[in-house]
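S.K.: one predicted model, sequence on top.
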Amino acid sequence: MKILAIVTLTLGLFLSVLTVQGVELKDGHPEIYFVKKGDTLWDISAMFLNKPWLWPEIWHVNPQVDNPHLIYPGDELRLVYVDGKPRIVRNNDLKLSPEVRVLSEGDAIPTIPLDIIRPFLSTPRILNDDEIDSAPYILAADSQRLIFGQGNKVYFRGEKDENLSAYSLFRKGDAYYDPETNELLGIEAIHLGSGKKIRSGDPATMMINESVQEIMAGDRALPYEEQVFPPVFMLRSPDTDINAYIISVYNGVTQIGTYDVVILNNGTREGLDVGHVLTVMQSGRVVEDSYSDSNPGAMVTLPSEVAGELLVFRTFEKTSLGLIMRANRPMHVMDTAVTPN
């Protein structure tokens, strides 16, 4: 189990998203916990709660402390009860004056392991047909080579902004369709590397300064986007009823497990946002009922079962990327991700 939280939320908004559902403490939870380097907010929440995304309901913040939502290695977290309700307090806040606590935001523990999702924060992208077809394209290199890489000079056409110099290079990948409506949700832009324009014109000239895959003529260029991802963000359940499908998984695995990255067929259009936690439901198998008197041999779909949770960490208009935070049983493409009960 684990948890989440958005650092940009004000305390007022933070309080407004609290739910009225009861907080269920986990059996065997600690009374006191000393935060260690390498911990994540989700890890700590999962020590105390059966539903880690309800951490905001038990976390008590001291308004006299700068960035009270942040937790640091060495902090002493203590479980107390206020009016009969569980609260987690930071013992440091009770004993130290605000002036004593001088720490950098960068020292705080992250919500989830950032090294796992870092490759997905700026790449890949999921675009529509027009965005891909209208993007500038590589025409040729300054030599006879057919495959390009870091340090090669290439020429590209379709430059739209002469003031733009930094580009991400990509190739058209898989198309994603809604499994129920067959709507085209987007096309994956496979990240190939990056380049810097050194001369405008038609064609313009670019120097490739990074390549993670082979780059060839016909590959496309998009403006480089520097993704600033908050290491600490507040977990929460979506405000709307989400019923999404897992439509793909990265790394080509067939059984999806903890820390795998999946693609959902819902995005900002359906109300999903970074920090939303969804329950993954394992789709029920279809079995033959050979025991029925009225309809022997009928095919029956078994009920779906809770398989774990995922955290939405990147959103597009019609799709989202989610990190599997807990897997109680195997998950597969076409399992559903729904708003937690």
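M.R.: Thanks, I have it.
S.K.: for the rest of this, base every contact and every neighbour count on C-alpha atoms.
M.R.: OK.
S.K.: which elements pack onto the longest strand seen in the chain?
M.R.: Counting by DSSP state E, the longest strand found in the chain is strand 184-199. Applying 3 or more Cα pairs under 8 Å, 6 or more residues apart in numbering; DSSP states H and E, one finds that strand 184-199 contacts strand 125-127, helix 129-133, strand 166-177, strand 204-211.
S.K.: between these, which one is nearest to residue 154?
M.R.: Nearest to residue 154, of all these, is strand 204-211, at 5.3 Å by Cα to Cα.
S.K.: and the following helix or strand past the closest one, what's its mean pLDDT?
M.R.: Of the helices and strands lying after strand 204-211 in sequence (DSSP states H and E), the nearest is strand 215-216. Mean per-residue pLDDT for strand 215-216: 97.
S.K.: so which elements touch the next helix or strand after strand 215-216?
M.R.: Of the helices and strands lying after strand 215-216 in sequence (DSSP H and E), the nearest is strand 220-223. Contacts defined by 3+ Cα pairs under 8 Å, 6+ apart place strand 220-223 against strand 137-141, strand 166-177.
S.K.: just those: most buried one?
M.R.: Most buried of the helices and strands packed on strand 220-223, by mean neighbour count (mean count of other Cα atoms under 10 Å): strand 137-141, with a mean of 21.
S.K.: nearest residue to residue 215 other than its sequence neighbours?
M.R.: Among residues not flanking residue 215 along the chain, residue 148 sits closest, at 5.0 Å (Cα to Cα, 6 or more residues apart in numbering).
S.K.: for the one you found, grab the count of nearby residues.
M.R.: Using other Cα atoms under 10 Å, residue 148 has 19 neighbouring residues.
S.K.: on that earlier part again, buried residues in the longest strand of the chain, which are they?
M.R.: 185-197 (16 or more other Cα atoms under 10 Å).
S.K.: ok, now stretch 38-49?
M.R.: Buried residues in stretch 38-49 (16+ other Cα under 10 Å): 39, 40, 41, 42, 43, 44, 45, 46, 47, 48, 49.
S.K.: just the residues you listed: which are in helices?
M.R.: Among the buried residues of stretch 38-49, the ones falling in helices (DSSP state H) are 41, 42, 43, 44, 45, 46, 47, 48.
S.K.: hang on, the earlier thing: just the CA atoms of the longest strand of the chain, as PDB, please.
M.R.: Extracted C-alpha coordinates of strand 184-199, given in PDB (Å, rounded to 0.1, in the frame of the first residue of the first chain):
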ATOM      1  CA  LEU A 184      -9.400   7.100 -31.600                       C
ATOM      2  CA  LEU A 185      -8.000   8.400 -28.300                       C
ATOM      3  CA  GLY A 186      -4.600   9.300 -29.600                       C
ATOM      4  CA  ILE A 187      -1.400   8.000 -31.100                       C
ATOM      5  CA  GLU A 188       1.800   7.400 -29.200                       C
ATOM      6  CA  ALA A 189       4.700   9.600 -30.100                       C
ATOM      7  CA  ILE A 190       7.800   7.300 -29.400                       C
ATOM      8  CA  HIS A 191      10.600   9.300 -28.000                       C
ATOM      9  CA  LEU A 192      13.800   9.000 -30.000                       C
ATOM     10  CA  GLY A 193      16.000  11.900 -28.700                       C
ATOM     11  CA  SER A 194      16.400  15.600 -28.800                       C
ATOM     12  CA  GLY A 195      18.000  18.200 -31.000                       C
ATOM     13  CA  LYS A 196      19.000  21.900 -31.200                       C
ATOM     14  CA  LYS A 197      18.300  24.000 -34.200                       C
ATOM     15  CA  ILE A 198      21.400  25.800 -35.400                       C
ATOM     16  CA  ARG A 199      20.000  27.500 -38.500                       C
END
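S.K.: for residue 86, find the nearest of the helices and strands packed on strand 220-223.
M.R.: Here strand 166-177 is closest among these (Cα to Cα), at 44.1 Å.
S.K.: tell me which strands the closest one pairs with, and in which orientation.
M.R.: strand 184-199 (antiparallel), strand 220-223 (antiparallel) (DSSP bridges).
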